[in-house]
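Peer 1: Please find the sequence and the predicted model below.
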Amino acid sequence: QVQLVESGGGLVQAGGSSRLSCAASGRTFSIYAMGWFRQAPGKEREFLTAINWSGGYTYYAASAKGRFTTSRDNAKNTVYLQMVSLKPEDTAVYYCAAQTTAQPWSAMPKSYDSWGQGTQVTVSS
């Protein structure tokens, strides 16, 4: 089992930046990829980006390209989501998730086995 804990987020002004962290513990050797999702009130969980745990290869949803960047620090078992030029519509709960089976890039939540508790990001106009 992999445990994930997100940190960062909070209240940000429109146009500002924020960096989220996701620390993994437990069976981290089993992680194949880490993903970032978000969920706004009344909306479905939306895939943003994923990063291959060992090689660092990344995959972005069209909505995340250009403003969101994911990276990882294997020594710290931590992945990051850097967000810039934030907009009020970016307001959501942001989740990291771990994928423990090797498979093609997936934007489907069901492809991920472990989830963090989520962290709120609120962008004020």
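Peer 2: Sure thing, it's come through.

Peer 1: tell me, what residue is most central in the chain?
Peer 2: W36 (2.2 Å; C-alpha atoms, centre = their mean).

Peer 1: ok, it to S125 distance?
Peer 2: Distance, W36 to S125, using C-beta to C-beta, to the nearest Å: 23 Å. C-beta: built from backbone N, CA, C; applies to glycine.

Peer 1: Please apply the same query to A61.
Peer 2: A61 is 23 Å from S125, by C-beta to C-beta.

Peer 1: Tell me where the protein has helices.
Peer 2: With helices called from DSSP state H, the chain shows none.

Peer 1: Low-confidence ranges, it, go.
Peer 2: For the chain, not a single residue meets the criterion pLDDT under 70.

Peer 1: What degree of burial does G26 show, as a neighbour count?
Peer 2: 14 (other C-beta atoms under 10 Å).

Peer 1: got a list of contacts for stretch 31-39?
Peer 2: With contacts defined as C-beta atoms under 8 Å, 6 or more residues apart in numbering, stretch 31-39 is touched by 2, 20, 22, 24, 45-53, 68, 70, 72, 79, 81, 90, 92-103, 105-107, 109, 112, 118, 121.

Peer 1: same deal with stretch 76-90?
Peer 2: Residues from elsewhere that reach stretch 76-90, judged by C-beta under 8 Å, 6+ apart: 12-25, 28, 34, 36, 38, 40, 48-49, 51, 67-73, 94, 96, 121, 123-125.

Peer 1: Just the buried residues of those.
Peer 2: With burial judged by 16 or more other C-beta atoms under 10 Å, the buried subset of the contacts of stretch 76-90 is 12, 18, 20-24, 28, 34, 36, 38, 48-49, 51, 67-70, 72, 94, 96, 121, 123.

Peer 1: Just the ones in strands from the residues you listed, please.
Peer 2: 12, 18, 20-24, 34, 36, 38, 48-49, 51, 68-70, 72, 94, 96, 121, 123 (DSSP state E).

Peer 1: mind listing what G8 touches?
Peer 2: For G8, the contact set (C-beta under 8 Å, 6+ apart) comprises S18, R19, L20, S21, T119.

Peer 1: Thanks a lot, see you next time.
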